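Student: requesting a structural model of the entry that follows:
(2 chains)
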Amino acid sequence: GQNIDQPTEMTATEGAIVQINCTYQTSGFNGLFWYQQHAGEAPTFLSYNVLDGLEEKGRFSSFLSRSKGYSYLLLKELQMKDSASYLCANADSGYALNFGKGTSLLVTP
Amino acid sequence: GAVVSQHPSWVICKSGTSVKIECRSLDFQATTMFWYRQFPKQSLMLMATSNEGSKATYEQGVEKDKFLINHASLTLSTLTVTSAHPEDSSFYICSARSGTSYEQYFGPGTRLTVT
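Tutor: Reported below is the predicted structural model:
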């Protein structure tokens, strides 16, 4: 998406914590989604934020600041299987998703 | 959880032919279905939004006469790529949501290769 920015690539060590940032600009905002996508597969839902603050779900947490147009996804206790692409997306009023280009995360031993 | 299927999972066709891709919600009624396209190493791009019983809304730059979308029931939407060309080769993914939830569920995708 042209109005969503996230880093292209990140590398982190197994067991560590990584934060993937996302900034967005939109005229109609209906929530911020994070998805995980492995190569050749469809995205799988990780989190949804519509109000400011932190949402925690197991090893994954997501934060949203609407005034700053900013979100991050926090992954704790990284595992090798977490190596994937992480997609930030904002939703319009009809919940159609505008995806960022994705952040490719490599978890190393 | 909600399950969305797509058929076929992959298809190879010759240039100039048409290909139909089906998207089904297996255990819920999908009032809205979305069609996305993903080229290699790029993000998903929304092609169109389809509401049951009404015409699809296409995103700018997507040819509605080339990508025919039908959403005739609450569990089935189809995307037909007409007169396919090699540049239409891509990963096509549908998603579906019911009117009561923000969440949309993605199908496994269909990889189209046009030779």
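Student: so which residue of chain B lies furthest out from the middle?
Tutor: B:Thr100 (21.3 Å; CA atoms, centre = their mean).
Student: roughly how far does that one sit from chain A?
Tutor: B:Thr100 sits at a distance of 12 Å from chain A (criterion: CB to the nearest CB, to the nearest Å). (Each C-beta comes from the backbone N, C-alpha and C, glycine too.)
Student: that residue belongs to a helix, doesn't it?
Tutor: No: B:Thr100 is assigned coil when assessed by DSSP: H, G, I helix; E, B strand; the rest coil, not a helix.
Student: quick check: phi and psi on it?
Tutor: Note on B:Thr100: backbone dihedrals following degrees, to the nearest 10 are phi -100, psi -10.
Student: what parts of chain A come near chain B?
Tutor: Proximity of chain A to chain B is confined to A:1, A:30-31, A:40-45, A:48, A:50, A:87, A:91, A:94-102 under the rule CB under 8 Å from any CB of the partner chain.
Student: again, only this time at 6 Å
Tutor: Residues of chain A found near chain B (CB under 6 Å from any CB of the partner chain) are A:31, A:42-43, A:48, A:94-96, A:99, A:101-102.
Student: re the thing from before, the residue farthest from the centre of chain B: what's it in contact with?
Tutor: Counting by CB atoms under 6 Å, 6 or more residues apart in numbering or on different chains, B:Thr100 touches no other residue.
Student: quick one: pLDDT of B:Tyr102?
Tutor: pLDDT recorded at B:Tyr102 is 83.
Student: roughly how far apart are it and B:Thr113?
Tutor: 34 Å (CB to CB, to the nearest Å).
Student: go on, A:Phe99?
Tutor: Plainly put, A:Phe99 is 23 Å away from B:Thr113 if you go by CB to CB.
Student: please, where are all the strands along chain A?
Tutor: Secondary structure of chain A (DSSP state E): strands at A:4-5, A:9-13, A:18-24, A:32-37, A:44-49, A:53-57, A:60-65, A:70-75, A:84-91, A:97-99, A:103-108.
Student: interface residues of chain B facing chain A?
Tutor: So far as CB under 6 Å from any CB goes, chain B lies against chain A at B:34, B:43-44, B:46, B:49, B:93, B:97, B:102, B:106, B:108-109.
Student: before we move on, the earlier item: in a markdown table, list the strands of chain A along with mean pLDDT and mean neighbour count.
Tutor: Shown next, in a markdown table, are the strands of chain A (pLDDT from 0 to 100; neighbours: other CB atoms under 10 Å in any protein chain shown):
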| stretch | mean pLDDT | mean neighbour count |
| --- | --- | --- |
| strand A:4-5 | 94 | 19 |
| strand A:9-13 | 97 | 13 |
| strand A:18-24 | 97 | 19 |
| strand A:32-37 | 95 | 23 |
| strand A:44-49 | 93 | 17 |
| strand A:53-57 | 94 | 11 |
| strand A:60-65 | 97 | 19 |
| strand A:70-75 | 97 | 20 |
| strand A:84-91 | 95 | 23 |
| strand A:97-99 | 92 | 22 |
| strand A:103-108 | 97 | 17 |
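Student: for the ones you listed, which one sits closest to B:Leu26?
Tutor: strand A:44-49 (16.6 Å; CB to CB).
Student: neighbouring strands - and their directions - for the closest one?
Tutor: Paired neighbours of strand A:44-49 in the sheet (DSSP bridges): strand A:32-37 (antiparallel).
Student: cheers, nothing more for now.
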